[in-house]
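In: have a look at this fold, sequence not included:
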């Protein structure tokens, strides 16, 4: 697997941001985060106050988003480390589970064939 460089990741994010699908959504998104409308921007309220509210709302949104996904990533890493530490035992348990499931399916197939044979031998009414 090749490593992605920081400039390449930045450029990919920038291209994604300026795409026709995303760029038109930015102004309403910032208005929503700032708790204002487009009328507020054109109204009497100072633009500085509206901009400050939008910036604080966006910063809090990014902070919350970051906290959640960093926590999820750390949790997934911890679970992965735990699974890796017990890989030998888990491999044996998985093998036993696969053998048990296979035995169950074979038993069901055998029983259904026997049932079909009995029904074929039974006299018709």
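Out: Sure thing, it's come through. This one's a predicted model, so the numbers in the text were calculated from it and none came from an experiment.
In: what's the domain layout of the chain?
Out: Following automatic domain parsing, the chain resolves into domains at 1-85, 86-125.
In: pLDDT on the longest one, on average?
Out: Here the mean pLDDT over domain 1-85 is 84, rounded to a whole number.
In: picking up where we left off before, please produce CSV containing the domains of the chain, extended by mean neighbour count.
Out: In this view, the C-beta of every residue, glycine as well, is placed from N, C-alpha and C. Converted to CSV, those look like this (neighbours: other C-beta atoms under 10 Å):
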stretch, mean neighbour count
domain 1-85, 11
domain 86-125, 9
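In: how far off centre is the one helix or strand residue 66 maps to?
Out: Assessed by DSSP states H and E, residue 66 sits inside helix 47-85. Relative to its chain's centre, helix 47-85 lies at 14 Å (C-alpha atoms, centre = their mean, to the nearest Å).
In: also stretch 22-42?
Out: So, by C-alpha atoms, centre = their mean, the centroid of stretch 22-42 is 27 Å from its chain's centroid.
In: residues making contact with it?
Out: For stretch 22-42, contacts defined as C-beta atoms under 8 Å, 6 or more residues apart in numbering pick out 16-17, 45, 47, 50-51, 53-58, 61.
In: now do it: distance from first to last residue.
Out: 23 Å (C-alpha to C-alpha, to the nearest Å).
In: relative to helix 47-85, how tilted is the helix or strand hosting residue 94?
Out: Assigned by DSSP H and E, residue 94 falls within helix 87-121. Inter-element angle recorded for helix 87-121 and helix 47-85: 80 degrees (by axes from the mean of the first three to the mean of the last three C-alpha atoms, to 10 degrees).
In: what distance separates helix 87-121 from the middle of the whole chain?
Out: With C-alpha atoms, centre = their mean, you get 34 Å for helix 87-121.
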